[in-house]
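Asks: sequence-free structure coming up:
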């Protein structure tokens, strides 16, 4: 069994304007992976959305990738009044592909850990690191080069 984790890998592509992002997530039982092409400022948009969510945990933050090809959706919302929240992740392969695949999972966390993820993504958006690991307890690290699987 795997541990709950979110990994974001950056595959430089037309930077500093566009990049290829690979999201891998596991809730400890299920795991999924999606690669999307996106503007570099998508990283900061997700980071800022998660940080803003920390200011008002009654709200929710939603990110949905756009365009053809694989899809990545991220929803952050509160699960109770004590600061617990859920990061819902939905990853899908290109629906035009005959080998369709999808994965939906939830990482349970708290607001402080979500704020750490937002702060790490903000730093990740500077394009000096190629891989980010985040655990729902707030731990994690960034690497200047992609790690071996």
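Replies: Everything's here; your move. All figures in this text were calculated on a predicted structure; none of them were measured in a lab. Numbers count the residues shown, from 1 in each chain.

Asks: Please make it C-alpha for all contacts and neighbour counts, starting now.
Replies: Fine.

Asks: so the closest residue to residue 108 other than its chain neighbours is in which element?
Replies: Among residues not flanking residue 108 along the chain, residue 86 sits closest, at 4.6 Å (CA to CA, 6 or more residues apart in numbering). Secondary-structure assignment from DSSP states H and E places residue 86 in strand 84-92.

Asks: for residue 52, same thing?
Replies: helix 41-55.

Asks: Going by neighbour count, list what's buried in that helix.
Replies: Buried residues in helix 41-55, counting neighbours by 16 or more other CA atoms under 10 Å, are found at 41-54.

Asks: what comes up buried for stretch 5-19?
Replies: Here stretch 5-19 shows 5, 6, 7, 8, 9, 10, 11, 19 as buried, counting by 16+ other CA under 10 Å.

Asks: Can you name the residues in contact with that stretch?
Replies: By CA atoms under 8 Å, 6 or more residues apart in numbering, the residues outside stretch 5-19 that reach it are 20-28, 37-41, 107, 129-136, 146.

Asks: how about 6 Å then?
Replies: Contacting residues not belonging to stretch 5-19 are listed as 20-26, 37-40, 130-135 [CA atoms under 6 Å, 6 or more residues apart in numbering].

Asks: and what of stretch 83-103?
Replies: 32, 34, 69-79, 104-111.

Asks: In helices, which of those residues fall?
Replies: Among the contacts of stretch 83-103, the ones falling in helices (DSSP state H) are residue 111.

Asks: And the strands in the protein, which stretches?
Replies: Ranges of strands in the chain, per DSSP state E, are 5-12, 18-26, 31-39, 60-64, 71-78, 84-92, 102-110, 131-134, 140-143.

Asks: got JSON lines for these, with mean pLDDT and distance to residue 118 too?
Replies: Converted to JSON lines, the strands of the chain look like this (pLDDT from 0 to 100; distance: least, CA to CA, whole Å):
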{"stretch": "strand 5-12", "mean pLDDT": "96", "distance to residue 118": "12"}
{"stretch": "strand 18-26", "mean pLDDT": "95", "distance to residue 118": "15"}
{"stretch": "strand 31-39", "mean pLDDT": "92", "distance to residue 118": "17"}
{"stretch": "strand 60-64", "mean pLDDT": "95", "distance to residue 118": "12"}
{"stretch": "strand 71-78", "mean pLDDT": "94", "distance to residue 118": "11"}
{"stretch": "strand 84-92", "mean pLDDT": "94", "distance to residue 118": "12"}
{"stretch": "strand 102-110", "mean pLDDT": "94", "distance to residue 118": "13"}
{"stretch": "strand 131-134", "mean pLDDT": "98", "distance to residue 118": "10"}
{"stretch": "strand 140-143", "mean pLDDT": "94", "distance to residue 118": "12"}
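
Asks: Alright, that wraps it up for me.
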